[in-house]
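>>> please find the sequence and the predicted model below.
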Amino acid sequence: MNIKTASLLGLVFALTGVFYLYDKNLLFSKNIVVIIIQILALALMIWARMTFGFRSFHATANTTKGGLVTNGPYHWLRHPIYASLIYFFWSCIIAFPFKETIFAVLLITIGLLIRMFLEEKSLIDSYKQEYLDYSKKTKRIIPFIF
């Protein structure tokens, strides 16, 4: 399986989980902790998107032109947009601790992780040592941990 096909498969996994959560009303809650986590996740996504600039979203996780971004939230996380999505959807488990919610959130997470790892391969191909140095000091989705 080539990188673009695998990346699209990751996107399909993630979207399947999102649509399931939405369809079963397991996405939004009145739980204040969940609301705060989801608002902060949305704020992180907006900050990352603004820092990244007006580069386009690709259905396949490949490198966009314009140089490696290492400032803003990218100083703390290699993948702040993916991280914000993971934070947002994992909070659903707090509000709705059901097997179905856990399964959907794991499907989303697996899809996003597939895309992250494939995107990193593309970034290494494009930016070589610059990306390798950056990845040694910056974690993927949880600052200082992972």
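Ah, there it is. Worth saying up front: this structure is predicted, and the values here are computed from it rather than measured. Residues are numbered from 1 along each chain as shown.

>>> ok, and the closest non-adjacent residue to His75?
Once flanking residues are discounted, His75 sits nearest to Thr138: 7.1 Å by Cβ to Cβ, 6 or more residues apart in numbering. Using the backbone N, CA and C atoms, a C-beta is placed for each residue, glycine as well.

>>> same thing with Leu85?
Per Cβ to Cβ, 6+ apart, closest to Leu85 is Leu112, 6.0 Å.

>>> does Lys136 count as helix, strand or coil?
At Lys136 the chain is in helix, as set by DSSP: H, G, I helix; E, B strand; the rest coil.

>>> cool, and Thr109?
Following three-state DSSP, Thr109 is assigned to helix.

>>> quick check, the residue nearest to His75 in contact with Thr70.
Yes - when contacts are counted by Cβ atoms under 8 Å, Thr138 is listed as touching Thr70 (7.4 Å).

>>> buried ones in stretch 95-111?
Buried residues in stretch 95-111, defined by neighbour count with 16 or more other Cβ atoms under 10 Å: Ala95, Phe96, Thr101, Ala104, Val105, Leu107, Ile108, Thr109, Gly111.
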